[in-house]
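>>> need a 3D model of the following:
(4 chains)
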There are 2 protein chains.
Amino acid sequence: MTDSNSNASLIAPSIPGDALPPVEQHAQQYATVRNAHETELIEDYVELIGDLLAHRGEARAADIANRMAVSQATVSKMIRRLNELELVTSKPYRSLFLTEAGQKMAETSRARHDVVLHFLRALGVKDSTARIDAEGMEHHVSDETLAIMQRFTKQQQKK
Amino acid sequence: MTDSNSNASLIAPSIPGDALPPVEQHAQQYATVRNAHETELIEDYVELIGDLLAHRGEARAADIANRMAVSQATVSKMIRRLNELELVTSKPYRSLFLTEAGQKMAETSRARHDVVLHFLRALGVKDSTARIDAEGMEHHVSDETLAIMQRFTKQQQKK
DNA sequence: CAACATTCTTAGCCAAGGCTAAACTGTTTG
DNA sequence: CAAACAGTTTAGCCTTGGCTAAGAATGTTG
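Residues are numbered from 1 along each chain as shown, chains lettered A, B, ... in the order given. Now for the predicted structure:
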């Protein structure tokens, strides 16, 4: 018998209020994180491409490579994937553009990112740290938490 | 010329206060996230093993597989890695134990995890959501932010 | 306009983290 | 105590996301 052992407490009396979550819930937590990881990079690329288009008027593979601190070959390969996923359109050796779906994803990601970033700053985290943390956190914040963060930031600004 | 283009504003006038971060800083953000991803899974395993040992008295591969919603083969392979990293000790077909280093990592991860979880709850996020978000966020929260979260949680509890 | 520089792509490598199927070990039980 | 079952490992596969090196396309400039 293993985890579903209900008399495990005989072996190691569980600390009250600090128990392991039920298996199904626990499993769901990890599955959600794993799932987020699959889309994370895609979203980062699309978001960055959107930003480059907005701020620079064009998105070149070399820019992406520089900003992501990754080789151009890696970017090139990734762009092929984004193409297959119909998130970007690209002609060889030319600048990139986002499809409808790509634009939607870029906007969503950007908005999400901004909420988290502003929240962290409102909380008192210094800018450079907030940027790094936001980049990592944005893909793991549920809509519920996101809404709460947004509310918090607004309240903080009123003060 | 690409990203370092300083007259890019001629192409697309940048929105003030909403510019792209300087390339080096931007690159650092992504690099930090990539780095976190490498250790993330390892930490999750070690943390879970620590929890199982604390609450159940033993950590079996099957339990881990169930709780992570992953096949036993995957766990087995991962344990080999943890062994190589000298984070766990294991005899074939036997329960697992943490090395000194493993215990230290488990404690750190657990503490981190708890700070984030309690913070989210203090913020008003409902428990089931907080658990999922915490699982994803914990590896992307800097020490600075962590300290602020901890302070916030304490203040909230005083009220 | 030819040569050089930059950018982009392709080919081929690697490690990580999943999976299934099959073999092996340990435990329980008829 | 042998058979059946539960748990573990191994083998072999796949995808993702990195890399370097080499070559092709494009852009720039003397």
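>>> run through chain A and note the low-pLDDT ranges.
A:1-18 (pLDDT under 70).
>>> again, only this time at 50
Residues of chain A that meet the criterion pLDDT under 50 lie in A:1-17.
>>> show me which residues of it are close to DNA strand C?
Contact residues, chain A versus DNA strand C (Cβ under 7 Å from any atom of the strand): A:34, A:60-63, A:72-73, A:75-77, A:79-80, A:90, A:92-93, A:95. (Each C-beta comes from the backbone N, C-alpha and C, glycine too.)
>>> residue ranges of the strands in chain A, please?
A:88-90, A:96-98 (DSSP state E).
>>> list the contacts of A:Q150.
A:V115, A:F119 (Cβ atoms under 8 Å, 6 or more residues apart in numbering or on different chains).
>>> any chance you could map the helices in chain A?
Taking DSSP state H, the helices of chain A run over residues A:23-56, A:61-68, A:72-84, A:100-123, A:127-137, A:143-158.
>>> tell me which parts of chain A are close to DNA strand D?
A:1-2, A:38, A:40-42, A:69-71, A:73-74, A:77-78, A:81, A:92-94.
>>> selection in PyMOL covering whichever of the residues you listed are buried, please.
Restricted to buried positions by 16 or more other Cβ atoms under 10 Å in any protein chain shown, the PyMOL selection for those reads:
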select buried, chain A and resi 2+40+41+42+69+70+78
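>>> on that earlier part again, which of the residues of chain A next to DNA strand C lies closest to chain B?
Nearest to chain B, judged by Cβ to the nearest Cβ, of these is A:D63 at 4.1 Å.
>>> grab the nearest non-local neighbour of the residue nearest in space to the middle of chain A.
Taking Cα atoms, centre = their mean, the centroid of chain A lies closest to A:H139, which sits 2.3 Å from it. In this structure, A:H139 finds its nearest non-sequential neighbour in A:E40, 4.5 Å apart by Cβ to Cβ, 6 or more residues apart in numbering or on different chains.
>>> the one you found and A:E135 touch, don't they?
No: A:E40 is beyond contact range of A:E135, at 10.2 Å (criterion: Cβ atoms under 8 Å).
>>> dump the strands of chain A to TSV, plus mean neighbour count.
Shown next, in TSV, are these (neighbours: other Cβ atoms under 10 Å in any protein chain shown):
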stretch	mean neighbour count
strand A:88-90	18
strand A:96-98	20
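>>> phi, psi of the spatially closest residue to A:A31 that is not a sequence neighbour?
Spatial nearest neighbour of A:A31, excluding adjacent residues (Cβ to Cβ, 6+ apart): B:A69 at 4.9 Å. Main-chain dihedrals, B:A69, degrees, to the nearest 10: phi 60, psi 50.
>>> can you tell me the distance between the two ends of stretch A:92-110?
The first and final residues of stretch A:92-110 sit 27 Å from each other (Cα to Cα, to the nearest Å).
>>> show me the contact partners of that stretch.
Against stretch A:92-110 from outside (Cβ under 8 Å, 6+ apart): A:42-44, A:46-47, A:49-51, A:53, A:58-61, A:79, A:82, A:86-90, A:138.
>>> next one: it to chain centre, how far?
Put simply, stretch A:92-110 sits 16 Å off its chain's centre (Cα atoms, centre = their mean, to the nearest Å).
>>> swap in stretch A:102-121?
On Cα atoms, centre = their mean, the centre of stretch A:102-121 falls 9 Å from the chain's centre.
>>> what's the answer for stretch A:108-123, then?
The mean C-alpha position of stretch A:108-123 is separated from the chain mean by 11 Å, Cα atoms, centre = their mean.
>>> same deal with stretch A:70-80?
19 Å.
>>> with stretch A:45-62 instead?
With Cα atoms, centre = their mean, you get 17 Å for stretch A:45-62.
>>> what would the helices of chain A look like in TSV with distance to B:K104?
Listed next are the helices of chain A as TSV, based on distance: least, Cβ to Cβ, whole Å:
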stretch	distance to B:K104
helix A:23-56	22
helix A:61-68	32
helix A:72-84	34
helix A:100-123	28
helix A:127-137	23
helix A:143-158	30
